[in-house]
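okay, here's the prediction I keep looking at, along with the sequence it came from:
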Amino acid sequence: MLRDRKNLLSWALYDWANSAFSAIIQTFIFAVYFTQQLTSDPAIGSALWGGINGTAALIIAILGPILGAVADHGGKRKAWLGLFTLLCIVCTGTLSFAKPPIGNLFSLLTVLTTAIAASELAFVFYNAMLPNLAPHSHIGRWSGWGWGLGYAGGMLSLLISLSIIQFGYPVQLTFLFCAAWYLIFSIPLFLFTPPTSGLGKPLLKAVFYGMKQLIETLRQMKQYKEIVKFLIARMFYMDGLTTLFAFGGVYAATTFNMPQSEILLFGIMTNISAGIGAVGFAWIDDRIGPRKLILISLAGITLPTLWILLIPYKLLFWILALFAGLFVGPLQASSRSLMAHLAPKHLYNEMFGFFALSGKATSFLGPWIVSWLILEYGSMRIGLAVVVAFYTIGGILMLFIED
């Protein structure tokens, strides 16, 4: 029992490790630094930022199922996880050299895209570990606790980053700190979780048979109708969530004129809110089922988001954003939980590859559409209206799924 808990805690700590990248790079610090200081115009910067996230999402959508199928045949899930974790860490550390004026913008865009794609591809293998570590009846709570720990890590990493900036150190130091955080706190997973299962084929054979298995699975998807319906629904609502994460800090800065320090505080508070929701709703997932919790969470996010796009008042923005944040953690945790319940055991890696695909298959469209609307109308409010549409479509589709 103690060994099982040690394994699960080591697994959950990876959420804590990765959360610094999500908070510091993708949402609250580098995103704002890129759009407002590294580019000549905030509108152009926002459009480029959308393009980066869209391109990374396309890479993830293509590679996620393929790599998952290869891992099912070759095993070595932790090796794949380690590869993409290290790639993300190296790229993140490289961002500390980004200073205006940018001499080679293409190189910066390439490093950023690689870092974001590597971070998400690592989660294909990380998520697939959960069903082998947690008892089936406790998958929901451990998924929620993992997300909750992640949001706590995001909050603490932002607090430390805020201290770095307030003590007069350059903002680039926070990117180096992010890389170190990710490296240090990901180590327990690789040291203490058990070896992962697979068919043990050599790499080249694993690639061949993995691709063959992937094609066969696609042909037989009608056998997994509930999984297909869920993945389509998740594709829509995750498009909304991914787009919101990509532009959340930028929206706060440009629409409500928040300075960097207030954006960091906003990031800390939203991470606290999301963490409370993820942990608080973890037991509810196991009680009422992940599908119902997904529907509750979507309602709790959609209505405040719609209101946020209409209001001019910063205080009300804060209140609504923190309320919506309570449901972000449960939405992500219960989605992972539902996939773990639905996926056949011998196809965990592959199915979580499709899980990554559903989160990214069309998520490049969200940032690209937002970027186009911003350039066309000069308004982030209009641009982010697509987020509400994605949430609504995803929620309607979830009504037709049986768990």
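In hand now; what should we look at? Because the structure is predicted, anything quoted here is derived from the model rather than measured. Numbering: from 1, shown residues only.

got the phi/psi numbers for Trp147?
Phi and psi for Trp147, reported as degrees, to the nearest 10, are phi -60, psi -40.

from Glu402, how far off is it?
Applying CB to CB, to the nearest Å, the value for Trp147 to Glu402 is 24 Å. Quick note: C-beta positions are derived from backbone N, CA and C, even for glycine.

now Ile184
Look at Ile184 and Glu402: by CB to CB, they are 42 Å apart.

neighbour count winner among Trp147 and Glu402?
Each of Trp147 and Glu402 had its neighbours counted (other CB atoms under 10 Å), and the higher figure belongs to Trp147 (30 against 10).

I'd say that one and Gln332 touch.
Yes. Taking CB atoms under 8 Å as the definition, Trp147 is a contact partner of Gln332 at 5.4 Å.

any shared contact partners between these two?
Common neighbours of Trp147 and Gln332 are listed as Ala278 (criterion: CB atoms under 8 Å, 6 or more residues apart in numbering).

run the chain-centre distance for the helix or strand that contains Ile116.
For Ile116, the host element (DSSP states H and E) is helix 105-133. Centre-to-centre, helix 105-133 and its host chain are 9 Å apart (CA atoms, centre = their mean, to the nearest Å).

buried ones in that helix?
Neighbour counts over helix 105-133 (16 or more other CB atoms under 10 Å) mark 108-109, 111-133 as buried.

packing partners for that helix?
Contacts defined by 3 or more CB pairs under 8 Å, 6 or more residues apart in numbering; DSSP states H and E place helix 105-133 against helix 2-20, helix 42-74, helix 77-94, helix 139-166, helix 314-342, helix 348-360.

ok, now with 10 Å
Here helix 105-133 touches helix 2-20, helix 30-33, helix 42-74, helix 77-94, helix 139-166, helix 172-192, helix 314-342, helix 348-360, going by 3 or more CB pairs under 10 Å, 6 or more residues apart in numbering; DSSP states H and E.

out of those, deepest packed?
Greatest average neighbour count among the helices and strands packed on helix 105-133 goes to helix 348-360 (a mean of 27), per mean count of other CB atoms under 10 Å.

list the buried ones in the helix or strand that that one is followed by?
Sequence order places helix 365-377 as the next helix or strand after helix 348-360, per DSSP H and E. Under the neighbour-count criterion of 16+ other CB under 10 Å, helix 365-377 has 365-371, 373-374 buried.

with just CA atoms, put helix 365-377 into CSV.
Below are the C-alpha coordinates for helix 365-377, written out as CSV (Å, rounded to 0.1, in the frame of the first residue of the first chain):
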residue,chain,number,x,y,z
LEU,A,365,-7.8,26.6,-35.4
GLY,A,366,-8.8,28.4,-32.2
PRO,A,367,-5.6,30.5,-31.9
TRP,A,368,-5.5,31.0,-35.6
ILE,A,369,-9.2,32.2,-35.7
VAL,A,370,-8.5,34.5,-32.7
SER,A,371,-5.4,35.9,-34.4
TRP,A,372,-7.4,36.5,-37.6
LEU,A,373,-10.3,38.2,-35.8
ILE,A,374,-7.9,40.4,-33.8
LEU,A,375,-6.2,41.6,-37.0
GLU,A,376,-9.5,42.0,-38.8
TYR,A,377,-11.4,43.8,-36.0
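
correct me if wrong: Asn271 contacts Gly325.
Yes. With contact defined as CB atoms under 10 Å, Asn271 counts as touching Gly325 (7.9 Å).
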